[in-house]
Every structure is written in structure tokens, then in C-alpha cells.
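Participant: here are the coordinates; sequence isn't available:
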């Protein structure tokens, strides 16, 4: 529904092991719909380990959603300073 991929769903739920397995088996780490990307869903999960797994797969950090938000601006918007730090390290 709404072009949500299995990896996006796993990232949103903070399911680190499932994210790791999906990425290992070829899931597109740059998958997205109009509102968000795998990276944004991982940030939204609040799970730093899930975010680390997604970041390790080298997603496009500059992708923007239909509103022009990037992963960094999304992390700022929700006040996730840990995610911001992790993004800036990449």
C-alpha cells in the first residue's frame, strides 16, 4: 500500500535483523514513495541500530520527498539529535 516496500516497513518498525537480511538479499536501500525513503523510515523508528544498518548500506542522503524534505531535515523536524549525528558522520 502506498508503494511501501518490505524494507521500508521493517525500517519503520525498527526491525534491525529483518532490515539486515533484506539488504543482504538485494533489497533497494534507496526505495521510497512520495512521503519517505527507507532512510527516513529508519530515522522515524527511533532505533539507532536499525538506522546504522541502513546507513551502512550507503543510501542516497540527498534524496528528497514530495515536500522537499531530506533525511537530515526530517531528523531535525522530529528532534532526533542521535540520528542527526549519525547522518553527519556519513
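Facilitator: Yep, that arrived. Since the structure is predicted, the reported quantities are computational estimates derived from the model, not experimental observations.

Participant: what about the protein, any weak spots by pLDDT?
Facilitator: 1 (pLDDT under 70).

Participant: any idea where the helices of it begin and end?
Facilitator: 6-12, 16-24, 38-45, 48-56, 71-78, 81-89 (DSSP state H).

Participant: Using JSON lines, lay out these together with mean neighbour count.
Facilitator: Quick note: C-beta positions are derived from backbone N, CA and C, even for glycine. As requested, these are exported to JSON lines (neighbours: other Cβ atoms under 10 Å):
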{"stretch": "helix 6-12", "mean neighbour count": "22"}
{"stretch": "helix 16-24", "mean neighbour count": "18"}
{"stretch": "helix 38-45", "mean neighbour count": "27"}
{"stretch": "helix 48-56", "mean neighbour count": "20"}
{"stretch": "helix 71-78", "mean neighbour count": "18"}
{"stretch": "helix 81-89", "mean neighbour count": "15"}
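
Participant: okay, those helices in CSV with distance to residue 65 next?
Facilitator: Conversion of the helices of the chain to CSV gives the following (distance: least, Cβ to Cβ, whole Å):
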stretch, distance to residue 65
helix 6-12, 12
helix 16-24, 20
helix 38-45, 7
helix 48-56, 16
helix 71-78, 8
helix 81-89, 15
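
Participant: OK, contacts around residue 70?
Facilitator: Counting by Cβ atoms under 8 Å, 6 or more residues apart in numbering, residue 70 makes contact with 61-64.

Participant: Now which of the residues you listed would you call buried?
Facilitator: Among the contacts of residue 70, the ones that count as buried by 16 or more other Cβ atoms under 10 Å are residue 63.

Participant: Widest-spaced pair of the contacts of residue 70?
Facilitator: The span of the contacts of residue 70, defined through Cβ to Cβ, is set by 61 and 64 at 10.6 Å.

Participant: For residue 59, the count of nearby residues, please.
Facilitator: For residue 59, the number of neighbouring residues by other Cβ atoms under 10 Å comes to 22.

Participant: show me the contacts for it.
Facilitator: Neighbours of residue 59 in contact, by Cβ under 8 Å, 6+ apart: 29-30, 37-39, 71.
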